[in-house]
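Asks: Structure, please.
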Amino acid sequence: MSRLRTRLLPVGILLGAVVIAVVMVQLRPEPPLREPPSRLPFVTTAAAEALQGSIPVFGAGTVRPRAEIDVAAEVSGKVAWVAPAFQSGGRVGAGDVLFRIDDADYRNRVQQARANVAAQQVALLQAEEEARIARAEYEGFQRRRSDGTASGQASPLTLREPQLQAARAALARDSASLADAELALSRTEVTAPFSGIVRMETVDLGQFVGPGQSVGRLYADDAVEVVVPLSDQDAALISGLWELAAGDGNRRVTAAVSAEYGDMVYSWSGYVDRAETALDEQTRTIDVVVRIPRPMAGGTPAGDDMTGDGDASSMREAPPLLVGQFVEVQIDGASPERYFAIPRAALRTGNEVWALRGGNLLTIVPVRVLQRADEVVYATGGLEDGQEVVVSGIQIATEGMAVRTGVE
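Replies: Now for the predicted structure:
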């Protein structure tokens, strides 16, 4: 009996384990049902924006003066006076005296020349009278001839014509000397030929200066220029570029320049004055010259970038457009009937854009690129306003390809 029990005990344990396992399997919770993950690629998209008006042409350059000259005296002498404004950073008006040279010697020369002219005027009057008398005597001699035979032509010396011509020439010579002396006297005052700003000066009281010796530099403040190098593709967007004549004031192609000053950005209005008629040999670009009138009037804030009190921003004085400052330039280009602004990342090799149609189907749209900015491309093509274009997520696309989307 004990042997039978010993043999049945393992069998019972095994059967009990099997029963418990079956019960546990029957009582286990059902696992949640999950849909299999989609195999469609995920893409990020952005909307294409339809625009009208001028296409902006972007560039950059450094501000330079419209005109800049060396200030130099035309006569020599000791400097007797210097204008307070004639120093680095000073502003002068057209015709303002910059400095004067001691004019004592030049005034003496004018007096001597005037005296010479007066003496020659008397000599000329005397020569004219002597010539008149000589002619009258010769005509009387001719009338008194008893035989009535006509004599030959009278000698010029007999009529004192050479003496008269010499007196006239002497007066003209001394008059010219007087004019030279008065001109030299007037040049003892060195004046500004235009309204401008003094870039530098190296003259002071008592200094001796010679003709043509540069003692400073002055640049015009009525306008400044920015040379903007553009590719031929960008230059082609500027309407009538090659019809512009330098300095004619034609402002049909408007432009704007902007520069940072402190923690704000200021802008100035200008226009395209001309374009260089030769490619830059180094960069193979076309230099377009943008002129900005009244640069010293102060720029217009492009936006309130102040993080503090708004009143402090409004109280800040607008700066002038400084020579030598690096600026960003935006030129108004051509005006097609309709074009689109799309993210730069949406432009694919071969000037194609992958756009969505029907919700999640890709279509390949060829476009013509008009202008590339930092993050935006302006182009024409078969897009629609607000149509989603693929920015990232896939490297290869086919027509009609289904995708999952997410807006950037």
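Asks: Only C-alpha atoms from now on, for both contacts and neighbour counts.
Replies: Fine.
Asks: Now do the strands for the stretch 101-250 of the chain: every range, in order, please.
Replies: For the stretch 101-250 of the chain, applying DSSP state E, counting those that start in this stretch gives strands covering 189-191, 196-201, 208-209, 214-220, 223-230.
Asks: Mind telling me which residue is nearest the centre of this structure?
Replies: Residue closest to the average C-alpha location in the chain (CA atoms, centre = their mean): residue 226, at 1.7 Å.
Asks: Identify, out of the strands of the stretch 101-250 of the chain, the most deeply packed stretch.
Replies: Using mean count of other CA atoms under 10 Å, the stretch among those with the greatest mean number of neighbours is strand 223-230 (a mean of 23).
Asks: So what touches that one?
Replies: 59-66, 285-295, 323, 329 (CA atoms under 8 Å, 6 or more residues apart in numbering).
Asks: for it, what is the average pLDDT?
Replies: Strand 223-230 carries an average pLDDT of 94.
Asks: give me every residue that touches residue 219.
Replies: Here residue 219 is in contact with 65-69, 196-199 (criterion: CA under 8 Å, 6+ apart).
Asks: Mind checking what secondary structure residue 85 has?
Replies: Assigned by DSSP: H, G, I helix; E, B strand; the rest coil, the conformation of residue 85 is coil.
Asks: close enough to count as contact, it and residue 92?
Replies: Yes: in this structure residue 85 lies within contact range of residue 92 using CA atoms under 8 Å: 6.5 Å.
Asks: between the two, which one's more packed in?
Replies: Taking other CA atoms under 10 Å, residue 85 and residue 92 do not tie; residue 92 has more neighbours (25 against 16).
Asks: how much space between that one and residue 136?
Replies: Per CA to CA, to the nearest Å, residue 92 is found 64 Å from residue 136.
Asks: next one: residue 102
Replies: For residue 102, the distance to residue 136 - CA to CA - is 53 Å.
Asks: more neighbours, those two?
Replies: Shown here are residue 102 and residue 136; by other CA under 10 Å, residue 102 has more neighbours (18 against 13).
Asks: Quick check: that one touching residue 82?
Replies: No: applying CA under 8 Å as the test, residue 102 and residue 82 come out as separate, 11.5 Å apart.
Asks: For the stretch 251-400 of the chain, just list every one of the helices.
Replies: Using DSSP state H, counting those that start in this stretch, the helices of the stretch 251-400 of the chain run over 310-315.
Asks: residue ranges with poor pLDDT in it?
Replies: The stretch 251-400 of the chain contains residues with pLDDT under 70 at 303-316.
Asks: Would you map the strands across it?
Replies: 254-261, 264-275, 286-293, 300-303, 326-332, 339-343, 347-348, 352-357, 361-372, 376-381, 388-392.
Asks: Report the contact partners of residue 97.
Replies: Contacts for residue 97 (CA under 8 Å, 6+ apart) come out as 83, 189-192.
Asks: Next one: it relative to residue 189, how far apart?
Replies: Residue 97 is 6 Å from residue 189, by CA to CA.
Asks: How about residue 342: which residues does it bridge to?
Replies: Using DSSP bridges, the bridge partners assigned to residue 342 are residue 377.
Asks: And for it, the neighbour number?
Replies: 23.
Asks: Same check on residue 95?
Replies: Neighbour tally, residue 95, other CA under 10 Å: 12.
Asks: pLDDT at it, what is it?
Replies: Confidence at residue 95, expressed as pLDDT, is 93.
Asks: how far away is it from residue 191?
Replies: For residue 95, the distance to residue 191 - CA to CA - is 5 Å.
Asks: between these two, what contacts are shared?
Replies: In contact with both residue 95 and residue 191: no residue, using CA under 8 Å, 6+ apart.
Asks: For the lengthiest helix in the chain, buried residues please.
Replies: For the chain, the longest helix by residue count, based on DSSP state H, is helix 104-143. Using 16 or more other CA atoms under 10 Å as the test for burial, helix 104-143 gives 106-107, 109-110, 112-114, 116-117, 120-121, 123-124, 127-128, 130-131, 134-135.
Asks: Ok, stretch 398-406 next?
Replies: 402-403, 405.
Asks: same check, this time on stretch 46-55
Replies: Neighbour counts over stretch 46-55 (16+ other CA under 10 Å) mark 46-51, 54-55 as buried.
Asks: Take those and lay them out in JSON lines including distance to residue 356.
Replies: Shown next, in JSON lines, are the buried residues of stretch 46-55 (distance: CA to CA, whole Å):
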{"residue": "46", "distance to residue 356": "10"}
{"residue": "47", "distance to residue 356": "10"}
{"residue": "48", "distance to residue 356": "11"}
{"residue": "49", "distance to residue 356": "14"}
{"residue": "50", "distance to residue 356": "16"}
{"residue": "51", "distance to residue 356": "20"}
{"residue": "54", "distance to residue 356": "27"}
{"residue": "55", "distance to residue 356": "25"}
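Asks: In strands, which of those residues appear?
Replies: With DSSP state E as the criterion, strands contain 46-47, 49-51 from among those.
Asks: Of all pairs in these, which one is the farthest apart?
Replies: Among these, the pair separated by the greatest distance (CA to CA) is 46 and 51, at 15.7 Å.
Asks: From residue 357, how far out is residue 395?
Replies: Counting by CA to CA, the gap between residue 395 and residue 357 amounts to 19 Å.
Asks: ok, now which ones touch residue 368?
Replies: 351, 379-381.
Asks: mind running it again at 6 Å?
Replies: By CA atoms under 6 Å, 6 or more residues apart in numbering, the contact set of residue 368 is 379-380.
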